[in-house]
Structures are given as C-alpha cells and as structure tokens.
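Chemist: sequence and predicted structure, then a few things I'm wondering about:
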Amino acid sequence: MVLGLTDAELLLAVHVRLVLAEDAPLLPSPDTEVWKRRLHYLWRDVDAALSLFQLTRYTTGELLSRCDGAQWARTGMFGGSPTSVAALVERAASSDQVQTARVTAMRDALGR
C-alpha cells in the first residue's frame with residue numbers, strides 16, 4: 001500500500017509540474033494494478049518509499065506555496081477532461097483520506 005501511495009505522489013508531482021510548465025498537457029493515467037505487479041511492490045523497501053513520499057510531498061508543497069491564483073487554475077487534460085492544478089491537489093487530498101482510513105483499519109486489525 002505504501003508503495004502505491006508513493007507512486008501516486010510521484011505522479012501527482014509530475015502532473016502538477018506539467019500543468020504549471022506547459023500549455024494544456026496530456027496527463028498520464030496509469031493502470032494501478034499493472035503498476036503494482038510490474039513495479040514489484042511486494043519486494044521493495046517500505047522505509048525508502050516513505051522517505052520518497054515525504055520528500056516528494058514536501059517539494060510539491062513548496063512549489064504550490066509559490067503559485068498564484070492563475071497558476072492554480074491552469075489545466076491539463078486528465079481522463080479526457082481539462083483538470084486544474086487545484087483539482088489535482090483536491091483529488092489527491094481526498095485519496096489521502098481514503099488511504100489513511102485503510103491503513104488505520106489495517107493497523108487496528110493487527111492490534112497496533
């Protein structure tokens with residue numbers, strides 16, 4: 001699960017940067033099940049993934065903190081629809097809440 005979150009964070013970072021730097025870029029939307037298998041989530045280092053997640057989140061947050069309203073409104077094409085930087089960040093925040101609830105439920109089930 002952590003590796004999927006980290007890869008999603010990396011993808012968000014790329015999406016945000018593409019939209020801020022280019023005019024109406026096409027934003028890739030990967031098949032997460034294929035990523036899970038082909039990127040070897042079961043055998044990768046969870047601590048490294050957490051570190052990468054934290055650093056990626058920090059640097060994207062730093063970038064976004066310098067954006068003005070026009071930059072937050074810039075759009076790229078995601079899933080066939082124009083999607084703003086603000087919408088990308090909102091979608092990621094919503095996903096974070098769902099994933100946090102899943103991790104908490106798993107931790108609670110294990111009695112930790």
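Modeler: Nice, thanks for sending it over. Numbering: from 1, shown residues only.
Chemist: for this protein, just list every one of the strands.
Modeler: Here the chain has its strands, by DSSP state E, at 26-27, 75-78, 81-84.
Chemist: now what about the shortest one, what contacts it?
Modeler: When contacts are defined by Cβ atoms under 8 Å, 6 or more residues apart in numbering, strand 26-27 is touched by residues 15, 18-19, 76-78, 83. C-beta here means a position set from N, CA and C on the backbone, and glycine is covered the same way.
Chemist: just say which of the strands of the chain is most tucked in.
Modeler: Sort the strands of the chain by mean neighbour count, taking mean count of other Cβ atoms under 10 Å, and strand 75-78 sits at the top with a mean of 18.
Chemist: and it, what other elements does it pack with?
Modeler: Applying 3 or more Cβ pairs under 8 Å, 6 or more residues apart in numbering; DSSP states H and E, one finds that strand 75-78 contacts helix 2-21, strand 26-27, strand 81-84.
Chemist: make it 10 Å
Modeler: Helices and strands touching strand 75-78, by 3 or more Cβ pairs under 10 Å, 6 or more residues apart in numbering; DSSP states H and E, are helix 2-21, strand 26-27, strand 81-84, helix 85-109.
Chemist: excluding its backbone neighbours, what's nearest Arg17?
Modeler: Leaving out its chain neighbours, the residue that sits closest to Arg17 by Cβ to Cβ, 6 or more residues apart in numbering is Leu63, at 7.4 Å.
Chemist: got the contact list for Glu33?
Modeler: Gly4 (Cβ atoms under 10 Å, 6 or more residues apart in numbering).
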